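# predicted model and sequence follow; I will ask about them next.
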Amino acid sequence: MSSNALMTFKSHIEGKNADVAIYHDRVEWNRGRGMSAKKLTAGFLTGGASLLATGVRSSNAGTEMIPVKSISSVVTKRDGLMYTKVVVVASGNTIDFRVPHDSAPGIKALLTDLVLGKIPASGQAAPAAPPVQAPAPAPQVSAPVEQLRQLAELRDAGILSEEEFAAKKAEILARM
């Protein structure tokens with residue numbers, strides 16, 4: 001993604017990891033090839049038989065873009081224990097960027113400012129306040145095995161339901 005982006009971040013879009021960049025005039029995201037958490041979980045549970053039967057290719061790879069001028073709304077919604085969805089509504093398209101809770105306010109603020117014209121295009125005069133900076137990536141708390149142990153403890157304590165546990169476990173395994 002280009003170096004003149006106002007903000008870049010990692011997101012989870014439609015079950016796939018994506019690299020997202022916000023520019024003065026557009027929002028772009030690139031989803032790489034890889035397996036979804038659902039496919040990886042099915043492969044794990046069937047001892048690899050489902051992966052042999054269906055293959056490991058993914059058709060969701062590619063780059064997409066929404067022009068800032070077509071964005072009509074930016075909304076945030078909590079999505080589980082660790083994530084927030086930043087929902088961008090544009091003419092003919094709605095996209096959910098799933099990001100950590102601490103990143104969502106900055107992303108929403110930048111997109112809102114762009115839509116409202118509070119941040120001038122790169123060729124215009126500089127804004128009175130500095131542009132919103134991308135939040136520093138949070139250091140990885142622990143190894144995936146430790147995360148799985150903590151997740152199991154939350155489930156055993158009754159904090160997480162079995163469904164929430166299974167979904168988060170599949171997500172952690174997909175990152176391995």
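Okay, I see it. Numbers count the residues shown, from 1 in each chain.

# pLDDT below threshold where in the protein?
Scanning the chain with the threshold set as pLDDT under 70 gives 1-3, 33-40, 42-44, 48-61, 121-142.

# that one: strands as residue ranges?
For the chain, applying DSSP state E gives strands covering 7-13, 16-22, 26-31, 62-67, 71-79, 83-90, 93-100.

# figure out which of those is closest to Ala174.
Of all the strands of the chain, strand 16-22 sits nearest to Ala174, with 8.2 Å by CB to CB. Placement of C-beta: from N, CA and C, glycine included.

# report the distance from the closest one to the chain centre.
Relative to its parent chain, strand 16-22 has a centroid offset of 6 Å by CA atoms, centre = their mean, to the nearest Å.

# how about it: buried residues?
Lys16, Asn17, Ala18, Val20, Ala21, Ile22 (16 or more other CB atoms under 10 Å).

# over to stretch 164-171?
Phe165, Lys168, Lys169, Ala170, Glu171.

# between those residues, which sits nearest Val87?
Using CB to CB, Glu171 is the member of the buried residues of stretch 164-171 that lies nearest Val87, at 19.5 Å.

# mind checking how far that closest one is from Ile71?
Distance of Glu171 to Ile71, given as CB to CB, to the nearest Å: 28 Å.

# again, but for His101
22 Å.

# more neighbours: the two, which one.
Higher neighbour count among His101 and Ile71: Ile71, with 20 against 14, using other CB atoms under 10 Å.

# that one and Val115 touch, don't they?
Yes: under the criterion of CB atoms under 8 Å, Ile71 makes contact with Val115 at 5.1 Å.

# how far does stretch 5-24 sit from the chain's center?
6 Å.
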